[in-house]
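Asker: could you work out the structure for the sequence below:
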Amino acid sequence: MAVEIDRIVGGRLEKPVDDERWGGIGAFDLSKADAYEGSDLVRLGRFAEALPALDGAIERLSPQMLRHRCSAHISRAEAYAGAGEVEAACADGHAALELAGRVQHLETVRRVTVLHRGLRSRGTAGIRALGEHLVDVRTVLGTARRMV
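Answerer: All right, here's what the predicted structure looks like:
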């Protein structure tokens, strides 16, 4: 790989480049790298830093990459919640649930459940609506008892 990079950019990497030889499931591109970076920053509690990476990922992820978009939305919801932006967190929670219901992505449903539990004491209409949406999706997917 280093030899190829030397040939491509004359000995130094001037900008990120996609690795054409990606061996994982599906294609790997910079939008996925942004999503992973943002999710990692959320796990580190660096919520404000995570938001630009997740914004970029959501903007650039292909519409066909439903599971990745789903994960990026719940990560951004967690970042917004950590940054104290409850309504934005709820909006991304809804987006994640919409996609999770379509592709049966149970990990996202679990993460939205945790998000909702952390926010519900604030008692806003947006949080209540997210809770209702969560119940609907869990019912449709048959996960209501397993995720309690």
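
Asker: what's the separation between the residue most central in space within the chain and G131?
Answerer: Computing the C-alpha centroid of the chain and ranking residues by Cα atoms, centre = their mean puts A72 first, at 1.6 Å. Separation of A72 from G131 (Cβ to Cβ, to the nearest Å): 22 Å. All C-beta spots, glycine's among them, are computed from the backbone N, C-alpha and C.

Asker: is T108 in contact with C70, as I believe?
Answerer: Yes. With contact defined as Cβ atoms under 8 Å, T108 counts as touching C70 (4.8 Å).

Asker: the bottom helix or strand of the chain by mean pLDDT?
Answerer: In the chain, the helix or strand scored least confidently by mean pLDDT, DSSP states H and E is helix 2-9, which has a mean of 44.

Asker: for the helix or strand that that helix is followed by, C-alpha coordinates in PDB please.
Answerer: Using DSSP states H and E, the next helix or strand after helix 2-9 towards the C-terminus is helix 30-43. Provided in PDB are the C-alpha atoms of helix 30-43 (Å, rounded to 0.1, in the frame of the first residue of the first chain):
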ATOM      1  CA  LEU A  30     -14.800   8.500   3.500                       C
ATOM      2  CA  SER A  31     -18.500   8.800   4.500                       C
ATOM      3  CA  LYS A  32     -18.200   5.600   6.600                       C
ATOM      4  CA  ALA A  33     -14.900   6.900   8.100                       C
ATOM      5  CA  ASP A  34     -16.700  10.000   9.200                       C
ATOM      6  CA  ALA A  35     -19.500   8.000  10.700                       C
ATOM      7  CA  TYR A  36     -17.000   5.800  12.600                       C
ATOM      8  CA  GLU A  37     -15.100   8.900  13.800                       C
ATOM      9  CA  GLY A  38     -18.300  10.600  15.000                       C
ATOM     10  CA  SER A  39     -19.500   7.400  16.800                       C
ATOM     11  CA  ASP A  40     -16.100   7.000  18.500                       C
ATOM     12  CA  LEU A  41     -16.200  10.600  19.600                       C
ATOM     13  CA  VAL A  42     -19.600  10.100  21.100                       C
ATOM     14  CA  ARG A  43     -18.300   7.100  23.000                       C
END
